[in-house]
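Colleague: Here is my input; please provide its structure:
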Amino acid sequence: MQAAVYGEYHLPATSGAARLVELKLEEIVMVGSFLVMAAATLLQQPSCDALKTLSLPHATITSAEFVAAGSAAPGRGGRGGPGAPLPAHCRVAATLTPSADSHIEMELWLPTENWNGKFLALGNGGWAGTISLDAMAPALRRGYATASNDTGHK
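Modeller: Next comes the predicted model:
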């Protein structure tokens, strides 16, 4: 079998049905991120809490909160320890359930000012099972709306 090309990644060939499930899951996770992001762009800064009541198919918003500028980034801080303070943003946490046996946790950070109009989705290295908070912080500082998920592997 030949390797399949998906985006910039070359994936080993798998059975058609297994590969279709992998692609559908990736698409659902990304669509969930985009739906939350799109809904959030309609809201203003103080309305970040209103995202808690957003009803999306196969997704549950578990937290939505405004984070003031100057707060420290959550997580380990990477190799150099704690990074620069974060800009003000709306932090959204959600659980995605694209299938009956799935439980994918994700976070989405939306800048409340100086948004560059771009979205940066971050991976986590296969089945790493973590939300890449350390990678989300620099993206947010550069004005990106950014999201990461644990791929359902804890």
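
Colleague: Would you mind naming the residues that bridge with Cys90?
Modeller: Note on Cys90: beta-bridge partners by DSSP bridges are Phe66, Leu110.

Colleague: what about it, how many residues close to it?
Modeller: Residue neighbour count, defined by other Cβ atoms under 10 Å, stands at 24 for Cys90. Where you see a C-beta, it was placed from the backbone N, CA and C, and this is true even at glycine.

Colleague: okay but it is in contact with Thr112, surely?
Modeller: Yes. Taking Cβ atoms under 8 Å as the contact criterion, Cys90 and Thr112 are neighbours in contact, 6.1 Å apart.

Colleague: For this structure, which segments count as strands?
Modeller: 4-6, 9-11, 59-67, 89-96, 104-111, 119-122, 145-149 (DSSP state E).

Colleague: which of these is buried the deepest?
Modeller: Comparing those by mean neighbour count (mean count of other Cβ atoms under 10 Å), strand 145-149 ranks first with a mean of 26.

Colleague: how big is the angle separating it from strand 104-111?
Modeller: With axes from the mean of the first three to the mean of the last three Cα atoms, to 10 degrees as the criterion, the two stretches strand 145-149 and strand 104-111 enclose an angle of 170 degrees.

Colleague: Grab the nearest non-local neighbour of Thr60.
Modeller: With Cβ to Cβ, 6 or more residues apart in numbering as the measure, Thr95 is the residue that lies nearest to Thr60, at 4.9 Å, once sequence neighbours are left out.

Colleague: What residues are bridge-paired with the one you found?
Modeller: On DSSP bridges, the residues paired with Thr95 through beta bridges are Thr60, Glu105.

Colleague: and it, what does it touch?
Modeller: Counting by Cβ atoms under 8 Å, 6 or more residues apart in numbering, Thr95 makes contact with 59-60, 62, 103-106.

Colleague: again, but for Ala145
Modeller: Contacts for Ala145 (Cβ under 8 Å, 6+ apart) come out as 37, 108-111, 115, 118-120.
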